[in-house]
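1. just need the structure, nothing else, for what follows:
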Amino acid sequence: MNPWLGAAAVTAFSTFLIHTVVGGRLIARPLLAARDLPRVPRLTVYYCWHMVSLLLLGLAGALAWGAYHPNPALIVLSCALATAFAALSLALIAAGRVKPWHMPQWALFLVIALLSGRGLL
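-> Alright, predicted model coming up:
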């Protein structure tokens with residue numbers, strides 16, 4: 001087993017749980033209840049929320065698989081996605097002029113990217 005990829009998988013799965021449980025309560029539920037937003041855009045964002053949930057679960061699964069069954073292409077893709085998500089989070093923080101801890105997902109994606117990148121070496 002590749003312990004770096006195992007740690008990346010655990011981090012990705014933890015991120016999935018945080019996103020689903022905590023984020024669902026603090027972000028998704030209020031968003032869905034926001035009646036000042038038109039119905040279709042509100043449901044579209046809610047749909048995207050669930051897409052992210054599935055993607056995080058898939059990322060955790062891909063990294064777990066790669067930890068036990070060497071598959072460099074799968075790990076490169078996983079690392080690239082985590083890196084892109086971290087960069088996107090930081091770009092939104094900068095563009096929105098919010099504090100980094102108000103949108104902490106960048107840190108979790110950065111950890112996943114670093115661990116999976118190390119697991120590739």
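2. centroid-wise, who is the farthest residue in this protein?
-> Distance from the C-alpha centroid of the chain, by C-alpha atoms, centre = their mean, peaks at residue 36 (27.7 Å).
3. does that one count as helix, strand or coil?
-> Using DSSP: H, G, I helix; E, B strand; the rest coil, the structure places residue 36 in coil.
4. and residue 13, how far from residue 113?
-> Going from residue 13 to residue 113 by C-beta to C-beta, to the nearest Å gives 15 Å. Using the backbone N, CA and C atoms, a C-beta is placed for each residue, glycine as well.
5. of the two, who's got more company?
-> Here residue 13 and residue 113 are set side by side on neighbour count (other C-beta atoms under 10 Å), and the busier one is residue 113, at 22 against 17.
6. now do the buried residues in the helix or strand hosting that one.
-> Residue 113 belongs to helix 105-120 when assigned by DSSP states H and E. With burial defined by 16 or more other C-beta atoms under 10 Å, the residues of helix 105-120 counted as buried are 105-106, 108-117, 119.
7. so which elements touch the lowest-mean-pLDDT helix or strand in the chain?
-> Per-element confidence for the chain was summarised using mean pLDDT, DSSP states H and E. The lowest value among helices and strands belongs to helix 29-33, with a mean of 91. Other helices and strands packing on helix 29-33, by 3 or more C-beta pairs under 8 Å, 6 or more residues apart in numbering; DSSP states H and E, are helix 39-68.
8. distance from the helix it packs on to the middle of the chain?
-> The chain centroid and the centroid of helix 39-68 are separated by 8 Å, computed with C-alpha atoms, centre = their mean, to the nearest Å.
9. distance-wise, check residue 110 relative to residue 121.
-> Spatial separation of residue 110 from residue 121 under the definition C-beta to C-beta is 17 Å.
10. quick check, central residue of the chain?
-> When the chain is reduced to its mean C-alpha position, the nearest residue by C-alpha atoms, centre = their mean turns out to be residue 56, at 5.1 Å.
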